[in-house]
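**Q** Mind folding the following:
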Amino acid sequence: MSRKVTKAIFPVAGLGTRFLPATKSVPKEIMTLVDRPLIQYAIDEARAAGIEEFIFVTSRGKGALEDYFDHSHELESSLKKSGKIDLLELLRSTNMDSGAIAYVRQHKALGLGHAVWCARRLVHDEAVAVILTDDVIMGEPPCLQQMIEAYQETGGTMVATMEVPMEKTKSYGVLDVAEDMGAIVRARGMVEKPKENPPSNLAVIGRYILAPSVMENLNKLKQGAGGEIQLTDAIADEIEEGRDVFGLRFRGQRFDCGSKAGFLQATVAFGLAREELKDEFGEYLADVMSIRKAAE
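**A** All right, here's what the predicted structure looks like:
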């Protein structure tokens, strides 16, 4: 049985209100982490995992996001004439082939499940990955690649999971674990943002591989937490109907770039990981910390 995953959905319709006023005119997904936008990290991760078709669920005001993946012929020509071949190759690496990207509009903000459901006609009867660009993951191999390799063994539906302090589980979808096999766990249930008595401390973060039946569950357009159509609920329905749902404890560090603190933390981590930046940037951070300690 083939368990190849070649399509990915990127829900990018959000308004990014936590980053106002920047997101008044700039989509959050193209805000820059070091020297590349958040969406580029997600695309690179998807490409590394073998994804060939990219489905963006957008909304009004996301034109700059769509333009980002177009060829910039004038800029490419200028770099070529200037002999800046390294920059030219870097620029070309961000281009997408014609037909590789599809855009679908989400006209009402009805939740993540609804955003995924909006892409249903482009998915057909096959497994599909979902990547949330707010969750930037530093890992080797990349998180989605780890998931697809595990999915080829397990089938079913798979979510990326990480352990969080119990007091923070109320901010996540949380797995109720039926069987713990180490890196992979089999779920007996999922709870979206439990207010009390979370079933575990295994939180679901923004990477999914969805079996085709999950899209059928979303067709019910059932409202869940916050009055929204929750993807977590559609995945929980899989378990209730006797189908397998797995969680993967991925290897890597996740940054919540949907928050200002998380974005800054990611900037520091990715900046220090860059060979050409780590020395100068590291010295600056060390100076900042020594000044701060002296002030205390």
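**Q** The residue nearest to Ser259 when sequence neighbours are not counted: neighbouring residues, count only.
**A** Leaving aside its sequence neighbours, Ser259 sits nearest to Arg18 (C-beta to C-beta, 6 or more residues apart in numbering; 6.5 Å). C-beta: built from backbone N, CA, C; applies to glycine. Neighbour count of Arg18, defined by other C-beta atoms under 10 Å: 13.
**Q** got it, and the one 4 residues further on?
**A** By other C-beta under 10 Å, the residues close to Ala22 number 11.
**Q** roughly how far apart are Glu240 and Ser25?
**A** For Glu240, the distance to Ser25 (C-beta to C-beta, to the nearest Å) stands at 44 Å.
**Q** My error: substitute Ile101 in the last question.
**A** As defined by C-beta to C-beta, Ile101 lies at a distance of 22 Å from Ser25.
**Q** Looking at the two, which is more packed in?
**A** Taking neighbours as other C-beta under 10 Å, Ile101 and Ser25 compare with Ile101 leading, 16 against 8.
**Q** Would you mind naming the residues that bridge with that one?
**A** Phe54 (DSSP bridges).
**Q** do Thr32 as well
**A** Beta-bridge pairing for Thr32 (DSSP bridges): Pro37.
**Q** Could you measure from Glu163 over to Leu175?
**A** 10 Å.
**Q** between these two, what contacts are shared?
**A** Residues within reach of Glu163 and of Leu175 at once, by C-beta atoms under 8 Å, 6 or more residues apart in numbering, are 202-203.
**Q** higher neighbour count, the two?
**A** It is Leu175, of Glu163 and Leu175, that has more neighbours when counted by other C-beta under 10 Å, with 28 against 11.
**Q** Give me the buried positions along the one helix or strand that one maps to.
**A** Leu175 is located in strand 173-180, with elements delineated by DSSP states H and E. Residues of strand 173-180 classed as buried: 173-177 (neighbour count, 16 or more other C-beta atoms under 10 Å).
**Q** go on, stretch 108-123?
**A** Buried residues in stretch 108-123, counted by 16+ other C-beta under 10 Å: 110-120, 123.
**Q** Off-centre distance for it?
**A** Computed by C-alpha atoms, centre = their mean, to the nearest Å, the chain-centroid distance of stretch 108-123 equals 15 Å.
**Q** And for stretch 258-275?
**A** Computed by C-alpha atoms, centre = their mean, the chain-centroid distance of stretch 258-275 equals 16 Å.
**Q** and for that stretch, what are the contacting residues?
**A** Stretch 258-275 is contacted from outside by 18-19, 28, 31, 33-34, 134-136, 138, 253, 255-257, 277-278, 281-282, 285, using C-beta under 8 Å, 6+ apart.
**Q** and it, which residues are buried?
**A** Result for stretch 258-275 [16+ other C-beta under 10 Å]: buried residues 258, 262-263, 265-267, 270-271.
**Q** could you dump these to a markdown table with distance to Gly50, secondary structure and pLDDT?
**A** Below are the buried residues of stretch 258-275 laid out as a markdown table (distance: C-beta to C-beta, whole Å; DSSP: H, G, I helix; E, B strand; the rest coil; pLDDT from 0 to 100):
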| residue | distance to Gly50 | secondary structure | pLDDT |
| --- | --- | --- | --- |
| Gly258 | 26 | coil | 91 |
| Gly262 | 28 | helix | 95 |
| Phe263 | 28 | helix | 94 |
| Gln265 | 29 | helix | 96 |
| Ala266 | 25 | helix | 95 |
| Thr267 | 29 | helix | 95 |
| Phe270 | 24 | helix | 94 |
| Gly271 | 29 | helix | 94 |
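**Q** how about those residues, which pair is most distant?
**A** Maximum pairwise distance among these (C-beta to C-beta): 19.3 Å, between Gly258 and Gly271.
**Q** for the chain, what spans make up the helices?
**A** For the chain, the helices defined by DSSP state H occupy 38-48, 63-68, 73-81, 85-92, 112-117, 120-123, 143-154, 212-218, 231-240, 260-272, 278-295.
**Q** and the end-to-end length of stretch 105-112?
**A** The straight-line separation of the ends of stretch 105-112 (C-alpha to C-alpha, to the nearest Å) is 13 Å.
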